[in-house]
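>>> Output the structure for:
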Amino acid sequence: MTRTKNESLVRIGWNKEWQEKAEAYPELVPGRIVVEHKRLYRIETSKGLLIGEVSGKFRHAAEEREDYPAVGDWVMLTPFQGEEKAIIHAILPRVSKFSRKMAGETSGEQIVAVNIDTVFLVMALNQDFNLRRLERYLLSTWESGANPVVVLSKSDLCEEEEILDKVQQAETAALGVPIIACSTVNGHGAGGLLEHVNEGATVAVMGSSGVGKSSIINFLLQEDRMVTHEIREGDDRGKHTTTHRELLKLPSGGVMIDTPGMRELQLWESEGGLEQGFRDIETLALNCQFRDCKHENEPGCAVAEAIEDGTLDASRLASYRKLQKELAYMERKSNKREQLLEKKKWKKISQSQKNMRK
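Here you go, the predicted structure:
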């Protein structure tokens, strides 16, 4: 396999690093997952779009849902001669992975998107603005390995004073993160989005339903491809628009992954993201009199002093504590889950050995 055969994939993210990973599979062809639908995948390759499924060996080795390809994955496959079909044999090691806890009581992982460089975290300025939700998205983005950009949409529906106030509020939750207040209706600020989209880059768009994700994608696509809906009046809930994940080519270069609206983002693993997302509290805690200070009633607590003098909002500390507890709970459940998976794995190996002896 030569580099020239894969030049057509550069526009959607193929580069020297992916080429080096692919060289472990000299007999196979690379491709990127564009759409997933019930274990069938639409894959962009140098031979065009193919419909693929994983091989039997792949399926046998996969133990969990996250072991299967996801939108944004680079996979190695065998195309069928004369057909627009392929068999997937391997996933190239991911460079980033945005996950959340699956809905319900299970502690399983749900992959939202992989191999993303930048995540547009979208909140509507008119009704959807929620700092606590933004903190959750930021934590998951940092943990994924991607870079967050906060997009405050629908600025045409707000007064300038209100926009400035909410930008300042967002800055307290998103320390050092780019914040773009924009409108795709009048174009105000929307040009700032283009700075983060270029050839070879992968951007994911995330946020609640109805906050303007589809309008932003239409703006970047330069066509009305995605159906748009407004946030419903009265209950602050958006109508569902996107129902699946899809990788879209942008005319300015690069690709974008649209995702279904996520009103509630349950954390998966974000210990590192917690430290990065709450650097203000973590830094203040270094000046507390006691190393194990819980920032409650201890003497010499720098965090409590910051709240008292107004340099730190009490609600931010409350959010920090809540997320700490949630992550600790998830870690306990995850440890139990890993034990069950290990038991299941050895049971499978034992059964295979028994079958071989028959």
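
>>> make it CA atoms for all contacts and neighbour counts henceforth
OK.

>>> what residues are up against Thr202?
Counting by C-alpha atoms under 8 Å, 6 or more residues apart in numbering, Thr202 touches Ile12, Gly13, Asn115, Ile116, Asp117, Thr118, Gly254, Val255, Met256, Ile257.

>>> Now for the second one: which residues touch it?
By that I understand Gly13. Counting by C-alpha under 8 Å, 6+ apart, Gly13 touches Glu199, Gly200, Ala201, Thr202, Gly254, Val255.

>>> So what would you say the end-to-end distance of stretch 302-317 is?
12 Å (C-alpha to C-alpha, to the nearest Å).

>>> what comes up buried for it?
Buried residues in stretch 302-317, defined by neighbour count with 16 or more other C-alpha atoms under 10 Å: Ala302, Val303, Ala304, Glu305, Leu312, Arg316, Leu317.

>>> As a markdown table, the residues you listed with secondary structure and pLDDT would be great.
Formatted as a markdown table, the buried residues of stretch 302-317 follow (DSSP: H, G, I helix; E, B strand; the rest coil; pLDDT from 0 to 100):
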| residue | secondary structure | pLDDT |
| --- | --- | --- |
| Ala302 | helix | 92 |
| Val303 | helix | 91 |
| Ala304 | helix | 90 |
| Glu305 | helix | 92 |
| Leu312 | coil | 89 |
| Arg316 | helix | 85 |
| Leu317 | helix | 87 |
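
>>> Columns distance to Ile88 on top of the residues you listed, output as a markdown table?
What follows is these, written out as a markdown table (distance: C-alpha to C-alpha, whole Å):
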| residue | distance to Ile88 |
| --- | --- |
| Ala302 | 55 |
| Val303 | 52 |
| Ala304 | 55 |
| Glu305 | 57 |
| Leu312 | 51 |
| Arg316 | 46 |
| Leu317 | 47 |
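
>>> for those, which one is nearest Leu157?
Arg316 (27.1 Å; C-alpha to C-alpha).

>>> Any buried residues in the top strand by length along the chain, and which?
For the chain, the strand reaching the highest residue count under DSSP state E is reported as strand 29-37. If you call a residue buried by 16+ other C-alpha under 10 Å, then strand 29-37 has these buried ones: Val29, Pro30, Gly31, Arg32, Ile33, Val34, Val35, Glu36.

>>> Report all helices and strands that it contacts.
strand 40-45, strand 74-79, strand 246-249 (3 or more C-alpha pairs under 8 Å, 6 or more residues apart in numbering; DSSP states H and E).

>>> Are there helices or strands packed against the helix or strand just after the first one, and which ones?
Towards the C-terminus, the helix or strand next in line after strand 40-45, according to DSSP states H and E, is strand 48-54. Contacting strand 48-54 under the criterion 3+ C-alpha pairs under 8 Å, 6+ apart are the following elements: strand 40-45, strand 85-91.

>>> Give me the angle between strand 48-54 and strand 40-45.
If you take axes from the mean of the first three to the mean of the last three C-alpha atoms, to 10 degrees, strand 48-54 sits at 140 degrees to strand 40-45.

>>> Identify the residue nearest the geometric centre of the chain.
Centroid-nearest residue in the chain: Phe98, 3.3 Å away (criterion: C-alpha atoms, centre = their mean).

>>> ok, that residue - contacts?
By C-alpha under 8 Å, 6+ apart, the contact set of Phe98 is Ile111, Val112, Ala113, Val114, Ser140, Thr141, Glu143, Ser144.

>>> Give the buried residues for the host helix or strand of the fifth one.
For Ser140, the element it lies in under DSSP H and E is helix 131-144. Judged by neighbour count using 16+ other C-alpha under 10 Å, the buried positions of helix 131-144 are 131, 133-144.

>>> quick one: which of those residues is nearest Leu250?
Thr141 (21.9 Å).

>>> ok so, going back, closest one of the buried residues of helix 131-144 to Ala24?
Set against Ala24, the nearest of the buried residues of helix 131-144 by C-alpha to C-alpha is Ser144 (24.9 Å).

>>> Verify the contact between that closest one and Val112 for me.
No - at 10.3 Å, Ser144 and Val112 do not qualify as touching, with contact defined as C-alpha atoms under 8 Å.

>>> any shared contact partners between the two?
By C-alpha under 8 Å, 6+ apart, the residues touching both Ser144 and Val112 are Lys97, Phe98, Ser99.

>>> Look up how far Asn115 lies from Ala316.
For residue 316 the amino acid is Arg, not Ala. 31 Å.

>>> now swap in Glu246 and tell me
From Glu246 to Asn115 the distance is 13 Å (C-alpha to C-alpha).

>>> Show the contacting residues for His51.
To be clear, residue 51 is Ile; His isn't right here. Leu40, Tyr41, Arg42, Ile43, Glu84, Lys85, Ala86.

>>> Please apply the same query to Ala170.
Leu131, Ile179.
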